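>>> Curious how this folds, go ahead:
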Amino acid sequence: MKFKIFLIFVLGFSIENSFAQDKMRERPDPIDWTKKLDLTEDQFKQFMSVQESYREQIIALRENASGDRRGMMDAFQTLGDKRDKQVKSILNKKQYKKFTKELKAQQKERRKQMNGRQKGQGRRGSRQGRNN
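Below you'll find the predicted structure:
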């Protein structure tokens with residue numbers, strides 16, 4: 001009996017661990033802004049300060065979500081605009097153009113992933129062959 005309980009425990013742990021690994025694999029690699037934008041050391045420090053502040057504000061907004069989706073979207077947009085303005089003051093025109101291009105590419109990729117999930121193609125792939 002003890003062996004069966006132990007076996008169930010090990011099996012459950014293995015399954016849970018495999019799900020955690022799937023979640024980790026899905027995260028995109030962090031962008032190396034220094035290389036991508038050819039930042040100077042001073043620009044990098046300022047840029048990362050702005051990015052960290054933005055990230056903290058986004059997290060705070062999500063934690064204090066009131067359920068008002070429209071209000072949340074407006075708040076995210078306001079934060080994004082504020083961040084873009086700060087970043088624009090740090091970067092030159094060429095760097096800022098690359099920055100906005102990269103943000104748009106990220107947005108496009110997130111939309112693509114969300115559309116896939118809505119169509120049944122989430123983490124586990126498509127649901128072809130199932131009786132829906």
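
>>> what's the spacing between residue 40 and residue 64?
36 Å (Cβ to Cβ, to the nearest Å). Bear in mind the C-beta positions are built from the backbone N, C-alpha and C, glycine included.

>>> Just want to know which of these two has more residues nearby.
Using other Cβ atoms under 10 Å as the criterion, residue 40 and residue 64 rank with residue 40 on top: 13 against 9.

>>> got the phi/psi numbers for that one?
phi -80, psi 170 (degrees, to the nearest 10).

>>> Now for residue 103, how many residues are close by?
Neighbours of residue 103 (other Cβ under 10 Å): 15.

>>> pLDDT averaged over the host helix or strand of it - what is it?
Assigned by DSSP states H and E, residue 103 falls within helix 93-118. Across helix 93-118, pLDDT averages out at 86.

>>> Return the list of helices and strands in contact with it.
Judged by 3 or more Cβ pairs under 8 Å, 6 or more residues apart in numbering; DSSP states H and E, helix 93-118 is in contact with helix 33-37, helix 69-90.
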